[in-house]
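[1] no letters, just coordinates:
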């Protein structure tokens, strides 16, 4: 799927802030340990790409939390 097709099929813009809001609504809290294995494409088009996703996660769990991620390019 081309980038323009992904943008068109994404119902609302995914941004660093909207992702942080969604993660908080889903129950993530400061100081938590979070294990993440996700496909960026499953989120739709994200303004800022994977960097925005990681920033949103770290903003929500704060420096007191721990983030463990498995990414496809790691193996």
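    Now that the structure is in, tell me what you want to look at. Nothing here was measured: the structure is a model prediction, and the numbers come from that model. Numbers count the residues shown, from 1 in each chain.

[2] endpoints of stretch 16-36, how far apart?
    16 Å (Cα to Cα, to the nearest Å).

[3] residue numbering should commence at 8 henceforth.
    Got it, the first residue is 8 from now on, which makes the last one we talked about stretch 23-43.

[4] buried ones in that stretch?
    Residues of stretch 23-43 classed as buried: 23, 26, 27, 30, 35, 41 (neighbour count, 16 or more other Cβ atoms under 10 Å). Heads up, the C-betas are built off the backbone N, CA and C, glycines and all.

[5] hang on, the second one packs against residue 60?
    Yes: between residue 26 and residue 60 a contact is recorded at 6.1 Å, counting by Cβ atoms under 8 Å.

[6] take the buried residues of stretch 23-43 and lay them out in a markdown table including distance to residue 13 and pLDDT.
    Putting these into a markdown table (distance: Cβ to Cβ, whole Å; pLDDT from 0 to 100) gives the following:
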| residue | distance to residue 13 | pLDDT |
| --- | --- | --- |
| 23 | 18 | 95 |
| 26 | 16 | 96 |
| 27 | 21 | 97 |
| 30 | 21 | 96 |
| 35 | 25 | 97 |
| 41 | 25 | 96 |
